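J.: got a structure for you, letters missing:
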């Protein structure tokens, strides 16, 4: 059983297990939202949760992406009591297949450069997938999130994906990772959600309140 103790800004095994359960629920709803919008079902793997020193975050994500020299990335920050950054990462070469997710690409003008078409497609998928996942997690924990405009980078090195100065190097970060697949289009990628240590106290209390509903 979780203890309502926010004096230590650490996340226990029990709290991690509950957060994973909440993520499973949130990601399932997000997958349904995406399926309604583009008429294709996205499969989200069981999320993994890691508690890291912030200084080790870039190294961790680089290791997770070690099989890809070049990636396309949608980056978006989110705020609320639950705050942090989200990174939607696609292997290089996914852009053209992604375009066909939206009405076979018919919504784009033939004269529009492929690079811009890919950016727009990544932006739309990122808006839906990141917004749905973060929004559902926040909703289940009694929070409301706001978002920065997403930033899209097509075809960049996986090195330096996360800036070294993103967080105070002495602080901790929780990384929520899932692998997603659009089976019909043979497209897969990663979603990393990184939340800051300043959210830990609130998160522990929110998890306790969530569990209270079922007691």
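T.: Happy to help now that I have it. Since we're looking at a predicted model, the values are computed, not measured.
J.: where does the prediction get shaky in the protein?
T.: Low-confidence segments of the chain, defined by pLDDT under 70: 1-9, 38-40, 101-114, 155-170, 183-185, 215.
J.: now do 50
T.: For the chain, the stretches with pLDDT under 50 are 1-8, 105-109, 111.
J.: helices along that one, start to end?
T.: Residue ranges of the helices in the chain, as given by DSSP state H, are 13-38, 57-64, 95-99, 114-140, 200-212.
J.: which one of those helices lies closest to residue 49?
T.: Residue 49 lies closest to helix 13-38 among these, at 5.3 Å (CB to CB). In short, each C-beta sits where N, CA and C put it, glycine included.
J.: residue 95 and residue 154 touch, don't they?
T.: Yes - here residue 95 reaches residue 154: they are 6.2 Å apart, a contact under CB atoms under 8 Å.
J.: now the common contact residues for these two.
T.: Listed as contacting both residue 95 and residue 154 by CB atoms under 8 Å, 6 or more residues apart in numbering are 72, 118, 122.
J.: can you give me the neighbour number for the second one?
T.: Spelled out, that is residue 118. Neighbours of residue 118 under the rule other CB atoms under 10 Å: 21.
J.: and it, how far is that from residue 87?
T.: Applying CB to CB, to the nearest Å, the value for residue 118 to residue 87 is 17 Å.
J.: just residue 205 next, same as before
T.: Counting by CB to CB, the gap from residue 205 to residue 87 is 27 Å.
J.: what's the answer for residue 23, then?
T.: For residue 23, the distance to residue 87 - CB to CB - is 16 Å.
J.: equivalent analysis for residue 96, please.
T.: Using CB to CB, residue 96 is found at 21 Å from residue 87.
J.: out of those two, which sits in the busier spot?
T.: Neighbours of residue 96 and residue 87, each counted by other CB under 10 Å, are more numerous for residue 87; the result is 22 against 13.
J.: and that one, how close does it get to residue 62?
T.: Distance of residue 87 to residue 62, given as CB to CB: 12 Å.
J.: just residue 49 next, same as before
T.: Distance from residue 49 to residue 62, by CB to CB: 19 Å.
J.: and what of residue 152?
T.: Going from residue 152 to residue 62 by CB to CB gives 20 Å.
J.: now swap in residue 52 and tell me
T.: Residue 52 is 13 Å from residue 62, by CB to CB.
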